[in-house]
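Undergrad: coords please:
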Amino acid sequence: MAAPITKSTQFQLAKEWFSRQRQSLKPWGEFVNTGKFSKPKSAAELGRRVMKNLEVYQSNYTLVVLLLTVYCREFSVIEQYGIIALLCLPLLFLASAGSAVFWIIGASVFIILLHASFLDTSSPDSNVFELEMEPV
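TA: Numbering: from 1, shown residues only. Below is the predicted model:
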């Protein structure tokens with residue numbers, strides 16, 4: 001009798017499956033190379049092509065199905081913001097824009113604190129810019 005499958009075993013099996021799929025993923029340039037597209041000459045060749053391509057590009061087809069599944073799902077606004085953040089943060093650091101963003105945040109905080117610390121709002125002259133209305 002086989003040992004029961006535990007959650008850690010399931011996780012390990014899933015991890016191995018994803019690793020195998022990732023290793024067998026073919027380059028997308030090869031997958032969508034339109035120069036290799038042609039009409040099959042017979043039903044036998046059609047069957048042979050389908051079986052061969054399913055074997056060779058199984059990982060690519062799996063990824064296409066997963067992407068279409070995610071694409072067709074309706075996301076709440078919070079989920080959309082989370083997805084955008086997850087996609088943009090790595091791009092921010094890949095583009096080396098992280099230092100510029102942190103510099104802008106630091107400079108903004110400094111200017112705001114400088115202004116807030118030197119502006120005296122308790123003086124009675126705070127109504128200098130208010131217009132007085134004269135009765136007509």
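
Undergrad: Spatially central residue for the chain, please.
TA: Residue closest to the mean C-alpha point of the chain, counted by C-alpha atoms, centre = their mean, is Leu87 at 2.8 Å.

Undergrad: Output the contacting helices and strands for the worst-scoring helix or strand of the chain on mean pLDDT.
TA: Least confident helix or strand of the chain, by mean pLDDT, DSSP states H and E, is helix 7-23 with a mean of 82. Judged by 3 or more C-beta pairs under 8 Å, 6 or more residues apart in numbering; DSSP states H and E, the packing partners of helix 7-23 are helix 58-72. (Each C-beta comes from the backbone N, C-alpha and C, glycine too.)

Undergrad: Show me what counts as buried in the helix it packs on.
TA: By neighbour count on 16 or more other C-beta atoms under 10 Å, the buried set for helix 58-72 is 59-60, 63.

Undergrad: still on that earlier bit, can you list contacts of the least confident helix or strand of the chain?
TA: Residues outside helix 7-23 that contact it (C-beta atoms under 8 Å, 6 or more residues apart in numbering) are 5, 58-59, 62-63.

Undergrad: can you put those residues in a markdown table and add distance to Leu13 and pLDDT?
TA: A markdown table is the format used below for the contacts of helix 7-23 (distance: C-beta to C-beta, whole Å; pLDDT from 0 to 100):
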| residue | distance to Leu13 | pLDDT |
| --- | --- | --- |
| Ile5 | 8 | 72 |
| Gln58 | 17 | 89 |
| Ser59 | 17 | 89 |
| Thr62 | 16 | 89 |
| Leu63 | 19 | 89 |
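
Undergrad: Same list as before, those residues that is, but in JSON lines and with distance to Glu134 included.
TA: Formatted as JSON lines, these follow (distance: C-beta to C-beta, whole Å):
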{"residue": "Ile5", "distance to Glu134": "87"}
{"residue": "Gln58", "distance to Glu134": "84"}
{"residue": "Ser59", "distance to Glu134": "81"}
{"residue": "Thr62", "distance to Glu134": "79"}
{"residue": "Leu63", "distance to Glu134": "75"}
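
Undergrad: Alright, I will stop here.
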